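Asker: Got a predicted structure here, sequence first:
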Amino acid sequence: MPERPLRVLFVAPDCNPKWHSLPALIANYYRAVAGVTDVTLATQVRNEENLTPFVREGAKVEYLDTESVAAPVWWLTQKLVPDPNQAMTLRVALRYPSSMAFEYAVWKRFRPELEAGAFDVVHRASPMSPVVPSPLMTWSPVPGVLGPVLGALAWPKTFRREMRREREWMNYLRPAHRLLPYYRSGYRSAAAILAGYPHTVNDLPQENRDRIIEFSEGGITASDFPERTHEPYERATVLFVGRMVPFKQPEVLVRAFESSPKLQRHRLVMVGDGPEIPRLQAIVKDAGLEDCVELTGSLPFDEVLEQTYAAQIFGFPSIREQGGGVIHLAAMASVPSVVVRYGGPAYRVPEGTGVRVPLGDFDTLVRSFREELEALVDDPERIAQMGRAAREYTARVYDWDRKAKKTVEIYEWVLGRRGEKPDFYR
């Protein structure tokens, strides 16, 4: 008789396929896991409209309403930080009451079933910040899996000015999160803790090291991306996609083009919006780069994908990127990335799939990106070779189906059905 699928309570207040960044990522993660085992999703009622057509037929979803807490917190956040591109550390800190209210609602709703053994595992998948604790890990009578959590990347000392421009004063108070109720007990009670990258692993309470699994938050559906043939080009396109904010350093690419007559014979296309746009527009105009630098603003996803498949190189000079999921988009279009060897991009672009430049000050990064881009535009065979390797690696490691199977391995491990601790990259 075949063994029944594991029964999982998947807890994710942020789970919305129509919202950008982490809510969409969590929605795809949930859908993949629900495809390989028996999953009940507990999420916020505000996600119902967008999730209903997205979930699998017959999916078990419980929409919980904690808007009486979440709505005032959202209002306060908008008052304190009107610009959604700024003060991200403060925004995360302000989510603490909403997160606690939601986890209590989950516990109140599912406590009888948890105590009756209706679930094998509780997986608290969002919010994904390591500073937001999970009391559910402490309350639950069945093993809990926490994460993937993502964060804790330190601001580079040479970019303190950008930290101030991002209004990240709360970053100085960040260590206080260790004093929050349920912080230590939540991590201590979790049977497994999924952490995105080494910088996150090292930030977590180290007494839990034996239960921490490095597990990247990123994912793609490989079949959504057609194979790409690298055609000969006379004018290469370097592409940037992302929010135009200080820590992503889009200015590095513009200055690299400004200082290089060779690069000016090619194109730089920058997709995205944000507070840096007026400055970048002024630099392009003052430097006379209108013929080779294009700022498109925000574009729909299908147009972003079109731009990606038309590019030869992806330039991503972010100096404090926790993950860097946009790199997967480039990789699946067989476009190699040039990134800073710091944070998430350093791990998403392994040797042979792109170029990683050392972290340095602003002038050093401009020089490094200029030199690497100049070398690449003259070497189409190297671009094609690295692009193929980037696609192969990303499809092999980050496909949602594979991630779902790895997640089930983790469930089996915490339940004692698997002896060896799972390894995300193997």
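Answerer: Happy to help now that I have it.
Asker: tell me the domain ranges of the chain?
Answerer: The record's domain parsing of the chain by automatic domain parsing lists 7-219+399-414, 222-397.
Asker: residues in contact with the residue nearest the centre of the chain?
Answerer: Among the residues of the chain, the smallest C-alpha distance to the mean C-alpha position (CA atoms, centre = their mean) belongs to Gly323, namely 4.4 Å. Going by CB atoms under 8 Å, 6 or more residues apart in numbering, Gly323 touches 150, 196-197, 216-218, 343-344, 348. C-beta: built from backbone N, CA, C; applies to glycine.
Asker: now do Pro13
Answerer: With contact set as CB under 8 Å, 6+ apart, Pro13 has these partners: 43-44, 66, 98-99, 102, 126-127.
Asker: which among these gets closest to Tyr393?
Answerer: Closest to Tyr393 out of those is Ser126 (26.2 Å), distances taken as CB to CB.
Asker: List the contacts of the closest one.
Answerer: If a contact means CB under 8 Å, 6+ apart, then Ser126 has 11-15, 22-23, 26 as its contacts.
Asker: Please tell me I have it right and Gly344 contacts Glu321.
Answerer: Yes: in this structure Gly344 lies within contact range of Glu321 using CB atoms under 8 Å: 5.2 Å.
Asker: overlap in contacts of those two?
Answerer: By CB under 8 Å, 6+ apart, Gly344 and Glu321 have these common neighbours: Leu153.
Asker: who's in contact with Pro127?
Answerer: Pro127 makes contact with 13-14, 22, 92, 95, 99 under the criterion CB under 8 Å, 6+ apart.
Asker: looking only at pLDDT, what's the mean for stretch 125-142?
Answerer: Taken as a whole, stretch 125-142 has an average pLDDT of 92.
Asker: If any of the contacts of Pro13 are buried, put those into a ChimeraX selection.
Answerer: If you want just the buried ones from the contacts of Pro13 in ChimeraX, going by 16 or more other CB atoms under 10 Å, the selection is:
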select :43,44,66,98,99,102,126,127
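Asker: Now the contacts of Ser126 in CSV, please, with extra columns for secondary structure and distance to Lys79.
Answerer: Written out in CSV, the entries for those read as follows (DSSP: H, G, I helix; E, B strand; the rest coil; distance: CB to CB, whole Å):
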residue, secondary structure, distance to Lys79
Val11, strand, 29
Ala12, coil, 27
Pro13, coil, 22
Asp14, coil, 21
Cys15, coil, 26
Leu22, helix, 23
Pro23, helix, 22
Ile26, helix, 27
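Asker: The nearest residue to Ser259 once chain neighbours are set aside is in what secondary structure piece?
Answerer: Using CB to CB, 6 or more residues apart in numbering and skipping residues adjacent in sequence, the residue nearest Ser259 is Arg370, 5.9 Å away. Arg370 is located in helix 362-377, with elements delineated by DSSP states H and E.
Asker: Quick check: next helix or strand after that helix?
Answerer: Next along the chain after helix 362-377, taking DSSP H and E as the criterion, comes helix 380-398.
Asker: Excluding its own residues, what touches the lowest-mean-pLDDT helix or strand in the chain? List them.
Answerer: Taking mean pLDDT, DSSP states H and E as the measure, the helices and strands of the chain show their lowest mean at helix 88-93, namely a mean of 76. Outside helix 88-93, the residues within contact range by CB under 8 Å, 6+ apart are 77, 80-81, 127, 129, 131-132, 151, 166-171, 174, 177.
Asker: Would you mark the buried spots in the helix or strand just after that helix?
Answerer: The C-terminal neighbour of helix 88-93 among helices and strands, as given by DSSP H and E, is helix 96-115. Of the residues in helix 96-115, those buried under the neighbour-count criterion (16+ other CB under 10 Å) are 96, 98-107, 110, 114.
Asker: the inter-axis angle of the helix holding Arg370 versus helix 380-398?
Answerer: Put simply, helix 362-377 runs at 110 degrees to helix 380-398, going by axes from the mean of the first three to the mean of the last three CA atoms, to 10 degrees.
Asker: quick one: least confident of the buried residues of helix 96-115?
Answerer: pLDDT across the buried residues of helix 96-115 is at its lowest for Tyr96, which sits at 88.
Asker: Skipping adjacent residues, who's closest to it in space?
Answerer: For Tyr96, ignoring the flanking residues on the chain, the nearest one in space by CB to CB, 6+ apart is Val132 at 6.2 Å.
Asker: any idea how far the one you found is from Gly325?
Answerer: Val132 sits at a distance of 20 Å from Gly325 (criterion: CB to CB, to the nearest Å).
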